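J.: Take this sequence and fold it.
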Amino acid sequence: MKDVVHLEVEFETLKDFWSPRVIAQVNDQYVKVAKIKGELAWHKHDDEDELFFVVRGSLVMEYKDRDPVHLAVGDMHVVPRGVMHNPVTEEECWVALVETVTTRHTGDVVVPRTKTIEQQLSGDAQTND
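T.: This is a model prediction of the structure:
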């Protein structure tokens with residue numbers, strides 16, 4: 001991991017949507033960056049909360065059992081563990097994520113866009129989409 005991380009530089013190096021990359025670790029939490037567009041997949045993380053921070057663009061966090069949450073630049077939102085959700089954006093959106101090291105990319109489902117933690121750590125998540 002780098003001693004100093006500049007978020008905009010990290011985002012500029014991302015090539016593909018829905019391919020998060022780990023840029024830092026704080027105790028048992030990873031800080032990740034991702035460019036997203038469209039929707040990922042309905043999923044949940046049984047044992048972990050997930051923090052989304054919008055750096056550029058806007059994002060709607062859809063929920064199965066509650067109203068969606070609309071996020072704009074500078075907004076932060078925590079998806080509670082065990083809750084079905086689906087991040088959706090019409091235009092390109094840049095998000096920083098804080099997740100425990102045990103959090104799987106698409107939680108309880110595997111879809112073509114799913115990235116392993118090894119891919120997210122190495123930058124090999126930048127291979128599709």
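J.: Bridged to the residue positioned nearest the centre of the chain, which residues?
T.: Nearest to the mean C-alpha position of the chain, counting by Cα atoms, centre = their mean, stands Leu97 at 5.1 Å. Judged by DSSP bridges, the bridge partners of Leu97 are Lys32, Phe52.
J.: For it, give its distance to Asp28.
T.: Distance of Leu97 to Asp28, given as Cβ to Cβ, to the nearest Å: 14 Å. All C-beta spots, glycine's among them, are computed from the backbone N, C-alpha and C.
J.: Determine whether the claim that Phe11 is in a strand is correct.
T.: No - under DSSP: H, G, I helix; E, B strand; the rest coil, Phe11 sits outside any strand and is assigned helix.
J.: Wait, it touches Lys35, no?
T.: Yes - the pair Phe11 and Lys35 qualifies as a contact (Cβ atoms under 8 Å) at a distance of 6.6 Å.
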